[in-house]
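Trainee: One predicted model, sequence on top.
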There are 2 protein chains.
Amino acid sequence: MAKLQKSIDKRNALIKATIELVNNNGFHATPMSKIAKMANVSPATIYLYFENKQDLVNKTYIEVKEKFTAYAFETFEESMSVEEGFKLIWNRIADFKFKHCEEAMFLAQCDNTPMIDEPSREVGIKHFQTLLDLWGRGKKEGLIKPMSDHILYAYTIIPLSFLIISQKRGAITLTKEHIEQSYLAAWNSIKA
Amino acid sequence: MAKLQKSIDKRNALIKATIELVNNNGFHATPMSKIAKMANVSPATIYLYFENKQDLVNKTYIEVKEKFTAYAFETFEESMSVEEGFKLIWNRIADFKFKHCEEAMFLAQCDNTPMIDEPSREVGIKHFQTLLDLWGRGKKEGLIKPMSDHILYAYTIIPLSFLIISQKRGAITLTKEHIEQSYLAAWNSIKA
DNA sequence: TATATAAAAATGAATGTTCATTCTTTTTTT
DNA sequence: AAAAAAAGAATGAACATTCATTTTTATATA
């Protein structure tokens, strides 16, 4: 166990360092040597855990995305009403982005960039099915406007990424009130 | 004039090549040599027009952003009502992103990345004052919810970037109807 | 339990490549 | 014929990745 434990720590440290450095400097300006240094590891060690730089970034993306969606849907139950369920999931997402804003920023950067290869991106998308199903139910029940999932996503979830990034840049300081207003804006934009 | 004309052509070709290559491969994977090749120019020539790679990207960003905002506000007039003005500007923005989706994608990538340095980013923001003023008026008149400009922006303009990128990736095909639904979603999220 | 040994993990120093930038020469313009 | 613009080749630094060793861990033996 000791052996495996140690390995996981190093791996986590590498992923954490990748997130932080890519957030602050961008993919193009984060050399493997810096990642190694921040993770307190030799550059060569990275290659024991990841095939190469691209693989490191892909795996980081997938891991963060999975953590994110797991958190988003953790407390959701099928038995909930559409409105209740949506409110819950939306708030979990807001909560995650708030609490783990480094991770959230990293995802935002990946989602707008050719930094991640397509297969890894696909993996990330799959995990959102729960929300799409809920929206499907909402549309059928006439509670949510009959719009493409992409539009629903664009007007409810995407704005949060922007707000978190703005906060990280120091352009705004998000309060509980902002989040409440934000939820209302999201709901108003999709409710039938 | 011949001389100046020629120079401007080369400069434009360089900016166009930068947009295209960065969109498809990301900043980290677009060497100056490729930009030069795509613009039909020697690598050395780039340095007659731009100080270095960072400068080239900064200038490209500023130029595209200016073109974008100029287009967005071109037909707006102070005399318009808030709702009318907002609808007009929003549609101009949608229109621009639709017609010039390469440019729009480039901006989206810049806005979520440390690719651009802060001073250049600031320049890009300044040009949005017209919209902020309009929102200010809307809030005063009680037509728009009293929310931070960041939230208004997040729920009306930002979603468009996501939709354009999704379209470019082939995940959705945007129709006139999508755009209309989209405008309604935007307006519903901010109207008082 | 202590010791020896094999296997695994980790390292720091090379390696070779890529790439931004500069230099020197050539071409074009005035 | 001088000046400006452009070119291609050269330069040197940065960097991803690999190599040869060392250190750590696990296992086996006494």
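Mentor: Perfect, I can see it now.
Trainee: Thought A:E84 was touching A:L134, still the case?
Mentor: No - using Cβ atoms under 8 Å as the test, A:L134 is too far from A:E84 to be in contact (10.1 Å). Every residue, glycine included, has its C-beta placed from N, CA and C.
Trainee: Of the two, give the one with the bigger neighbour count.
Mentor: A:L134 (21 against 12; other Cβ atoms under 10 Å in any protein chain shown).
Trainee: helix/strand/coil for the more buried one?
Mentor: Applying DSSP: H, G, I helix; E, B strand; the rest coil to A:L134 yields a three-state assignment of helix.
Trainee: what about it, distance to DNA strand D?
Mentor: Distance, A:L134 to DNA strand D, by Cβ to the nearest atom of the strand, to the nearest Å: 40 Å.
Trainee: Write out the residues of chain A neighbouring chain B.
Mentor: Contact residues, chain A versus chain B (Cβ under 8 Å from any Cβ of the partner chain): A:23-29, A:108-109, A:111-115, A:145, A:147-148, A:150-151, A:153-155, A:158-163, A:165-166, A:171-172, A:178, A:181-182, A:185-186, A:188-190.
Trainee: Which ones, among those, also lie beside DNA strand C?
Mentor: With the criterion set as Cβ under 7 Å from any atom of the strand, no member of the residues of chain A next to chain B is near DNA strand C.
Trainee: And those residues, which of them are buried?
Mentor: Neighbour counting with 16 or more other Cβ atoms under 10 Å in any protein chain shown marks A:23, A:26-28, A:108-109, A:111-115, A:145, A:147-148, A:150-151, A:153-155, A:158-163, A:165-166, A:172, A:178, A:181-182, A:185-186, A:188-190 as buried within the residues of chain A next to chain B.
Trainee: Which of the residues you listed fall in strands?
Mentor: Among those, no residue falls in strands (DSSP state E).
Trainee: which element is the residue of chain A found nearest DNA strand C on?
Mentor: Per Cβ to the nearest atom of the strand, A:A44 is where chain A lies closest to DNA strand C, at 2.7 Å. Here A:A44, judged by DSSP states H and E, is contained in helix A:43-49.
Trainee: re earlier: I'd like to know how far the residue of chain A closest to DNA strand C sits from chain B.
Mentor: 22 Å (Cβ to the nearest Cβ, to the nearest Å).
Trainee: Which of the buried ones among the residues of chain A next to chain B fall in helices?
Mentor: A:23, A:108-109, A:111, A:150-151, A:153-155, A:158-163, A:165-166, A:178, A:181-182, A:185-186, A:188-190 (DSSP state H).
Trainee: In PDB, list the C-alpha atoms belonging to stretch A:85-96.
Mentor: Backbone C-alpha positions of stretch A:85-96 (Å, rounded to 0.1, in the frame of the first residue of the first chain) are rendered in PDB as follows:
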ATOM      1  CA  GLY A  85     -33.700  19.100  -9.900                       C
ATOM      2  CA  PHE A  86     -32.500  21.900 -12.200                       C
ATOM      3  CA  LYS A  87     -32.100  24.300  -9.300                       C
ATOM      4  CA  LEU A  88     -30.200  21.700  -7.400                       C
ATOM      5  CA  ILE A  89     -27.800  20.800 -10.200                       C
ATOM      6  CA  TRP A  90     -27.300  24.400 -11.200                       C
ATOM      7  CA  ASN A  91     -26.400  25.300  -7.600                       C
ATOM      8  CA  ARG A  92     -24.100  22.300  -7.300                       C
ATOM      9  CA  ILE A  93     -22.300  23.500 -10.400                       C
ATOM     10  CA  ALA A  94     -22.000  27.000  -9.200                       C
ATOM     11  CA  ASP A  95     -20.800  25.700  -5.900                       C
ATOM     12  CA  PHE A  96     -18.100  23.600  -7.500                       C
END
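Trainee: Tell me the buried residues in it?
Mentor: A:85-86, A:88-90, A:92-94, A:96.
Trainee: Helices - which of those land there?
Mentor: Within the buried residues of stretch A:85-96, residues falling in helices by DSSP H are A:85-86, A:88-90, A:92-94, A:96.
Trainee: with those residues in mind, which one is nearest to A:I15?
Mentor: Using Cβ to Cβ, A:F96 is the member of these that sits closest to A:I15, with 16.7 Å.
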